[in-house]
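*Asks:* got a predicted structure plus its sequence, pasted below:
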Amino acid sequence: MDRKNNEADLEEIKYYIGTKKTLEEMPKLKAFQPFAAEVISYLNALSKELLRNKKAKVYPDVVTFGFWCRKAAMEELKKDYTDKIEHRYGRGIAFHIAPSNVPVNFAYSMVAGLLAGNANIGRLPSKEYEQVDLIIEAMERTLGNPKYENLRPYFCLIKYGHSEKITEYLSALCDTRIIWGGNQTIETIRRAALKPRAIEVTFADRYSMAIINADQYLEAMDKEKIARGFYNDTYLTDQNACTSPRIIFWMGNHINEAQEEFWKRLNTIVEKEYNLQGVQAVSKLTTLCELGATHQGVHQIITKNNLTIRVALEKIEEDLMDYRGNSGYFMECRVKNLDELLPLCKSQCQTLSYYGVDLSQIEEFLRNNRPQGIDRVVPIGKTMDFELVWDGVDLIERLTRVVKIIYDN
Amino acid sequence: MIDYEKILNIPPYAYDKKEKEAFLTEILKDLTKHHYQNCSQYKGILDALNFNSEAGIRSYQDIPFLPVSLFKKLELKSIKDEEIFKTMTSSGTTGQAVSKIYLDKETASHQQKTLVKIVSNFTGSSRMPMLIIDCPSVVKNRAMFSARGAGILGFSIFGANKTYALDDDMNLNLDAIETFLEKHQGKPILLFGFTFMIWQHFYKELKKQNKKIDLSQGILIHGGGWKKLQNESVNPQAFKDALRDVSFIKKIYDYYGMVEQTGCVYMECEEGHLHASIFSDILTRRSIDFTPCDIGETGIIEVVSILPKSYPGHVLLTEDEGVILGEDDCPCGRSGKYFKIHGRLKNAEIRGCSDTYGPQK
């Protein structure tokens, strides 16, 4: 690559934290060990900074992130790794490519990189979000504290347009590349080569499902909370996140009553809080028609309006997820046992959220059938909660290297 | 079954609300039954929508509407493959899926006849010399029609001595235009083209060359939508004014129509209103529950047409937004609904973890 051109291309990088020099110096940095005390202390200070900010209070996603960064929470996370981290060190430089439409995702990815002990380059979403600004401000202010000055070289947050040259430069710089976002993004970014020893973590397009035991649900005292949780799992992201359930499986004896109650409560929230646009209404009808045209035993269940489209299925077919909808479009199917879910538990299947279903039953199902998919099993309402093990990948493990030491007895 | 020969002889703006309602309901009911029996995918869709039987239809408003984009995703037809006479496609930009509309001879012929009935109500029935504001190559492949080619061929029936105003590189062919105008001096002439093409390759070119031509005897019919012109902030009145400025043309008629319901065009009258003929109708529906809008209330446009027999496209929900201005009371004297199209439905910014680099639709 022509050196001059290269320089000119790199001028297009906009720095939000760090400078050109930060990038250049990064390869010389020493990696931390996972859950290093100074990192946890910094995150705790960041958490305080965020939670004290009045402007941040209107954004539940920012508040959740703030809570997640607390020292107590970090110590809790650390417990899972106590035995594993003694000889682990960050791999070096982690290059995070955040999705354009989940504002706080970049922050979780960055923090995972930090916790694992890496220096981090974060490519921010191209779209403007106040959440992003708030978090960057808080990060910057916390770094301003002399106590954390030594962490500053480990932060570089940037934005750039569709520049292959910049992606190539950063990819050649990093030891781990983390791509969040759809298959198309992964395909584009992958054209840029990594260093021979560098590795990549990709979070590709996935789909998710939910399962509810009707009888347990009917007995639940906290139906409001379940409805709110399910709303957050779905409508909050236009039911278009990888984690949003597209199909609900119902088990138990009193399915009709449970469904009626479940959808009625959800509708109360949706009517108040969700804004459905014309295109979304048409798109949901289109999805339903396509499914009906190509599959037997499909019936729309009449709802009050287009805010929620419900589709009853008589059987579960392998290609159903090619006909998944968003913005409040739910397929539903009654199942007697979990094995019936198998046709959909393919590698693309990410999260199975549940209510009232015996976990040991789900675990047994996974052990017996060993499906390629289902990387997460979480209660309804928790699908969006970030965890260090995501999509079947343990980020702390993946972003560190292990020094193998053999003792001479 | 439906006696098209008889029906298509009824004057296109003859019925008032009540007559038209009964007329359309009867025919569209029959068509629904016909497609249900002859197109398994249509049957699947109606079954999924819990549609029991056409016996329950009290008005054509009750018939399930299919989103037009289904014709891009599915091959919907109610005829056998060997009966396909021609396949029409929408003119999507490269890479986009296009609608595929399968026609047999009968449906194709009804489309042509209906178009003649409707348009001659505005132009008169005698043929006129015709200047097509497009390039000749757009109609070359007759087996696979694009919407543009189909539109030109469809409207060509009103013209004689057809001349193309653009060459195949979309340059203005001034020589051809001048020869054409000289030859037909003083006589009424018909001009046809797509709104954006006319603006981009005809008007702008004349303007650039500082050239004025005399089309004072001309009748211009144009369609294809305003999306691109809206981007350039050109509204219908500005369009008319600009054309009058370079060509002195007085009669300019926009039309609304789509390849999925070819033949049933909605012509703009002298008052600047788009009109539904008796062969088709417009409904507007609310996003929240698809209930019909009131007159004057903006909604999603549904179109119904009595022509689609070879494919189940008689009741469609478009991706356009518009408003019905009135019914049976347009000052131009034509009965039926008259309306205005606002344009495509606004694209929602769907959230979720999609592509960083994904195409921004």
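*Replies:* Yep, it's here.
*Asks:* where along the stretch 51-200 of chain A do the helices fall?
*Replies:* Using DSSP state H, counting those that start in this stretch, the helices of the stretch 51-200 of chain A run over residues A:60-68, A:71-79, A:105-116, A:130-144, A:164-173, A:183-189.
*Asks:* return the distance of the fifth one from the chain's centre.
*Replies:* Just to be clear, that refers to helix A:164-173. The chain centroid and the centroid of helix A:164-173 are separated by 24 Å under Cα atoms, centre = their mean, to the nearest Å.
*Asks:* cool, and the shortest one?
*Replies:* Taking the mean C-alpha point of helix A:183-189 and that of its whole chain, the gap between them comes to 17 Å (Cα atoms, centre = their mean).
*Asks:* name the residues of the stretch 1-150 of chain B found near chain A, please.
*Replies:* Residues of the stretch 1-150 of chain B lying close to chain A (Cβ under 8 Å from any Cβ of the partner chain) are B:41-42, B:44-50, B:66-67, B:69-70, B:73-74, B:76. The C-beta positions use only the backbone N, C-alpha and C, and glycine is treated the same way.
*Asks:* sorry, back to before: which among the helices of the stretch 51-200 of chain A is found nearest to chain B?
*Replies:* Counting by Cβ to the nearest Cβ, chain B lies closest to helix A:183-189 out of the helices of the stretch 51-200 of chain A; the figure is 4.3 Å.
*Asks:* got the contact list for residue A:88?
*Replies:* A:33, A:34, A:117, A:396, A:397, A:400, A:401, A:402, A:403 (Cβ atoms under 8 Å, 6 or more residues apart in numbering or on different chains).
*Asks:* any idea what the nearest residue to residue A:200 once chain neighbours are set aside is bridged to?
*Replies:* Leaving aside its sequence neighbours, residue A:200 sits nearest to residue A:177 (Cβ to Cβ, 6 or more residues apart in numbering or on different chains; 4.7 Å). Applying DSSP bridges to residue A:177 yields these beta-bridge partners: residue A:95, residue A:200.
*Asks:* quick check: the gap between residue A:177 and residue A:122.
*Replies:* Relative to residue A:122, residue A:177 is positioned 12 Å away (Cβ to Cβ, to the nearest Å).
*Asks:* what's the local residue count around the closest residue to residue A:14 other than its chain neighbours?
*Replies:* In space, and not counting its chain neighbours, residue A:14 is closest to residue A:159: 4.6 Å by Cβ to Cβ, 6+ apart. Residue A:159: 16 surrounding residues under other Cβ atoms under 10 Å in any protein chain shown.
*Asks:* same question, residue B:208
*Replies:* Residue B:208 has 9 neighbours, counted by other Cβ under 10 Å.
*Asks:* next one, pLDDT for it please.
*Replies:* Confidence at residue B:208, expressed as pLDDT, is 93.
*Asks:* for stretch B:264-280, which residues meet the burial criterion?
*Replies:* Residues of stretch B:264-280 classed as buried by neighbour count (16 or more other Cβ atoms under 10 Å in any protein chain shown): B:264-269, B:273-280.
*Asks:* name the element residue A:23 belongs to?
*Replies:* Assessed by DSSP states H and E, residue A:23 sits inside helix A:20-25.
*Asks:* and for that helix, what's in contact with it?
*Replies:* A:10, A:13, A:15, A:121, A:152, A:153, A:155, A:156, A:170, A:173.
*Asks:* dump those residues to a markdown table, plus distance to residue A:201, neighbour count and pLDDT.
*Replies:* As requested, the contacts of helix A:20-25 are exported to a markdown table (distance: Cβ to Cβ, whole Å; neighbours: other Cβ atoms under 10 Å in any protein chain shown; pLDDT from 0 to 100):
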| residue | distance to residue A:201 | neighbour count | pLDDT |
| --- | --- | --- | --- |
| A:10 | 24 | 16 | 89 |
| A:13 | 22 | 20 | 96 |
| A:15 | 24 | 15 | 97 |
| A:121 | 14 | 26 | 98 |
| A:152 | 25 | 14 | 97 |
| A:153 | 23 | 16 | 98 |
| A:155 | 20 | 23 | 97 |
| A:156 | 18 | 27 | 98 |
| A:170 | 15 | 23 | 97 |
| A:173 | 16 | 19 | 97 |
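*Asks:* turn the residues you listed into CSV, columns for distance to chain B.
*Replies:* Formatted as CSV, those follow (distance: Cβ to the nearest Cβ, whole Å):
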residue, distance to chain B
A:10, 19
A:13, 16
A:15, 19
A:121, 15
A:152, 26
A:153, 26
A:155, 20
A:156, 18
A:170, 14
A:173, 19
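*Asks:* burial measure for the residue nearest to residue A:149 when sequence neighbours are not counted, as a count.
*Replies:* Nearest residue to residue A:149 in three dimensions, chain neighbours excluded: residue A:143, at 7.2 Å (Cβ to Cβ, 6+ apart). Neighbours of residue A:143 under the rule other Cβ under 10 Å: 20.
*Asks:* okay, and for the stretch 151-300 of chain A, where does confidence drop off?
*Replies:* Residue ranges of the stretch 151-300 of chain A with pLDDT under 70: none are present.
*Asks:* returning to that earlier point: tell me the one among the contacts of residue A:88 nearest to chain B.
*Replies:* Closest to chain B, out of all of these and judged by Cβ to the nearest Cβ, is residue A:396, at 21.3 Å.
*Asks:* dump the residue contacts of the closest one.
*Replies:* Residue A:396 touches A:34, A:81, A:84, A:85, A:88, A:112, A:115, A:116, A:388, counting by Cβ under 8 Å, 6+ apart.
*Asks:* surely residue A:249 touches residue A:209?
*Replies:* Yes. The pair residue A:249 and residue A:209 passes the contact test of Cβ atoms under 8 Å, sitting 6.8 Å apart.
*Asks:* follow-up on the earlier one: from the contacts of residue A:88, which two are the most distant?
*Replies:* Within these, A:396 and A:403 form the most distant pair, 15.3 Å apart (Cβ to Cβ).
*Asks:* for whichever residue of the stretch 101-250 of chain A sits closest to chain B, which three-state class applies?
*Replies:* Proximity of the stretch 101-250 of chain A to chain B (Cβ to the nearest Cβ) peaks at residue A:240, 2.7 Å away. Residue A:240 falls in the coil class when you classify it by DSSP: H, G, I helix; E, B strand; the rest coil.
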